[in-house]
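Colleague: 3D model of this:
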Amino acid sequence: MAAEDPAPLLERLRLECEMGSMAEPVAKGTNFAALNSDTDILAHPGLISRREADIAAKRGIFLEITSRHGHSIANGHVARASMASGALLPINSDSHASKDMIGQETGARIGLGSGLRAPEVRRILVDNPRKLLKRILE
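Modeller: Reported below is the predicted structural model:
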């Protein structure tokens, strides 16, 4: 039996993902609007465009790498877009309940699983939260 051509499915998923996160599609332009507002962190940006990642880098907006089920599917894409643009990353739990909280070891695993190298993960886990807290406290 011949395998079905995945092209129609892939095109449909690509179009859905252009509209927001892999888990919860949102209206087209939502990431762009958030990046052009008073934003510190863009949570689970999904298949963020290079243009949007460049805006995040220019404005100092963090692009979230998340442990949240569903949203984490795009972590590798978010990590690559961030590294290419110079945007800051947090590794975050997007917690909805206390059981969703993660520690440093899980955060490191998520960062490495997103395709980031160990020195990048260390910077993201140690330096980036300090940058964000400093900004908030100023």
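Colleague: Let's test this: name the helix or strand in this protein with the lowest mean pLDDT.
Modeller: helix 7-17 (a mean of 67; mean pLDDT, DSSP states H and E).
Colleague: Kindly export the helix or strand following it (C-alpha atoms) in CSV.
Modeller: Counting by DSSP states H and E, the next helix or strand C-terminal to helix 7-17 is helix 30-35. C-alpha atoms of helix 30-35 as CSV (Å, rounded to 0.1, in the frame of the first residue of the first chain):
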residue,chain,number,x,y,z
THR,A,30,-1.1,38.6,16.9
ASN,A,31,2.7,38.1,17.4
PHE,A,32,3.3,41.2,15.3
ALA,A,33,0.9,43.3,17.4
ALA,A,34,2.3,42.0,20.7
LEU,A,35,5.9,42.8,19.6
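Colleague: Tell me the helices and strands packed up against helix 30-35.
Modeller: In terms of contacts (3 or more Cβ pairs under 8 Å, 6 or more residues apart in numbering; DSSP states H and E), helix 30-35 is packed against strand 41-42, helix 50-59. Glycine gets a C-beta too; all of them are placed from N, C-alpha and C.
Colleague: What is the end-to-end distance of stretch 69-79?
Modeller: 17 Å (Cα to Cα, to the nearest Å).
Colleague: Quick check: buried residues in it?
Modeller: Counting neighbours by 16 or more other Cβ atoms under 10 Å, one finds that the buried residues in stretch 69-79 are 71-75, 77-79.
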